[in-house]
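*Asks:* predicted model, plus sequence, below.
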Amino acid sequence: MKKLIITHMEVRRRPALVTALVGEAGLETLELAPPEENRLLGSIHVGKVQKVLPGLKGAFVEIEGKLPCYYAMEKEHHPIFRNEKKTDELKAGDELLVQVTREAMKLKAPSVSSNLSFPGEYLVLTTENQKVGVSSRIPQPERERLKEEITGLLPPSRDYGVIVRTNAPSAPPGFLARELTRLEAQKDAVLKKGMYSPCHTRIQNGDSRPEEAVKSCVWEELEKIVTDDPEIFSELSGYVEQIHPGEGGRVQLYEDRLLPLYKLFSLEAGLERALSERVWLKSGGFLMIQQTEACTVIDVNSGKQISARSKGSLIHELNQEAARECARQIRLRNLSGILLIDFVNMTGEDDRGQLLALMRNLVKTDRVTTRAVDVTALGLMELTRKKEKKTLREQWEELES
């Protein structure tokens, strides 16, 4: 069972809101944010097309504060226009509803989409893809059952689709129907408000960081949610009671002022380790993790002399241990984009195949789309992970001293 910790602590001499998921093996995720943050991710706006870029198949759309955001036209088939349109062709001056899908990353503007997404605990309602999709991580017999169940709940004529999330098989009886009704009402309210609100208006906020942290956890694996902030305690107690009636007691308010919550769970030390380039393995080996503009490289080192007699078995064990730790570090640090892992002396095809299969199995449980692509002839394992939020290091760097 896991614990979700939400607290405040000083980082780089500035107060920071910290969310951490702690499992049996220690920290699994860690995020930092300014307490006063006005968060964009997930928010829905009335935007105005500033400029169309046909060569890039994209456009820049202004949202609140006339902030320009990138809009990928090739991925958008049904823009939600506010003005009368005979075609879906975009032009400067058009007003449309958009949702922020990616935060600003260094020199890159935030990204927005016309595919409005309304996530719940077990379902996600979408306006772009109007089909019923089921997570590929759910076993095939369950996938068919869930698809049939959700399809039976949908009206014949609808303007949305539904994605069934990985943890849907554990939903209590009747919960999927109730959640779908709630998400439909939320979507209808947003579309109605969006048609009558002035341009550059924020129609709906994204989830707060505490709510998002709860939603990203598998509820059945979550033992409790602990915070020492009374306002967050009140917010989450109501939120959990809404989505899991009768379960509000899992949210606990920590009130011991002699031992701060972040000290109790060693979050300062955990953050220091998560920002370090070197990560030690129990076998005596270590990882070197280096983030660059183009990609993140993880180098696996044996850390000691391996004798020729036992070389094969030790390398195999070291690489297996390193693969598990790499998967944990990728989530903990929120590494994304192109990831390259240089394992130790993988010369045999069988070793490469086994290691690739292990990594593919490890990344299946990552809530962020992650794919172990292949192992090159040089022994480099290639992975890709969807960019959604800043890495832990970028979050740390933005908390200026």
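*Replies:* Structure received.
*Asks:* quick one, phi/psi of Q186?
*Replies:* phi -60, psi -40 (degrees, to the nearest 10).
*Asks:* now the helices for the stretch 1-150 of the chain?
*Replies:* 140-153 (DSSP state H, counting those that start in this stretch).
*Asks:* for it, what are the low-confidence residue spans?
*Replies:* Counting by pLDDT under 70, the stretch 1-150 of the chain shows low-confidence ranges at 85-86.
*Asks:* show me where it has its strands.
*Replies:* Ranges of strands in the stretch 1-150 of the chain, per DSSP state E, counting those that start in this stretch, are 2-11, 14-23, 26-33, 44-53, 58-63, 67-72, 80-81, 95-102, 111-113, 117-119, 123-126, 132-134.
*Asks:* of the ones you listed, which is nearest G270?
*Replies:* Proximity to G270 (CB to CB) singles out strand 26-33 among the strands of the stretch 1-150 of the chain, at 4.6 Å. Using the backbone N, CA and C atoms, a C-beta is placed for each residue, glycine as well.
*Asks:* of the strands of the stretch 1-150 of the chain, flag the one that's most buried.
*Replies:* Compared across these, strand 111-113 shows the largest average neighbour count, a mean of 25 (mean count of other CB atoms under 10 Å).
*Asks:* circling back to that earlier point, D299 is nearest to which of the strands of the stretch 1-150 of the chain?
*Replies:* strand 26-33 (21.9 Å).
*Asks:* specify the angle between that closest one and strand 14-23 in degrees.
*Replies:* Strand 26-33 and strand 14-23 are oriented at 150 degrees to each other (axes from the mean of the first three to the mean of the last three CA atoms, to 10 degrees).
*Asks:* confidence score at K311?
*Replies:* Per-residue pLDDT puts K311 at 63.
*Asks:* that older thread, okay, the strands of the stretch 1-150 of the chain in TSV with distance to L261 next?
*Replies:* TSV is the format used below for the strands of the stretch 1-150 of the chain (distance: least, CB to CB, whole Å):
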stretch	distance to L261
strand 2-11	4
strand 14-23	9
strand 26-33	14
strand 44-53	33
strand 58-63	35
strand 67-72	35
strand 80-81	42
strand 95-102	30
strand 111-113	34
strand 117-119	28
strand 123-126	32
strand 132-134	38
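*Asks:* quick one: closest of those to Q291.
*Replies:* That would be strand 26-33 among those, by CB to CB, at 15.5 Å.
*Asks:* ok, and what's touching that closest one?
*Replies:* Strand 26-33 is contacted from outside by 2, 11, 16-22, 39, 209, 213, 216, 267, 270-271, 274, 328, 331-332, 334, 389, 392, 395-396, 399, using CB atoms under 8 Å, 6 or more residues apart in numbering.
*Asks:* now it - C-alpha only, PDB.
*Replies:* Provided in PDB are the C-alpha atoms of strand 26-33 (Å, rounded to 0.1, in the frame of the first residue of the first chain):
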ATOM      1  CA  GLY A  26      10.500   4.600  -1.000                       C
ATOM      2  CA  LEU A  27       9.700   7.600  -3.100                       C
ATOM      3  CA  GLU A  28       7.900   6.800  -6.400                       C
ATOM      4  CA  THR A  29       6.900  10.300  -7.500                       C
ATOM      5  CA  LEU A  30       7.900  13.800  -6.400                       C
ATOM      6  CA  GLU A  31       6.700  17.200  -7.600                       C
ATOM      7  CA  LEU A  32       7.500  20.800  -6.600                       C
ATOM      8  CA  ALA A  33       5.400  23.900  -7.300                       C
END
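*Asks:* cool, thanks, talk later.
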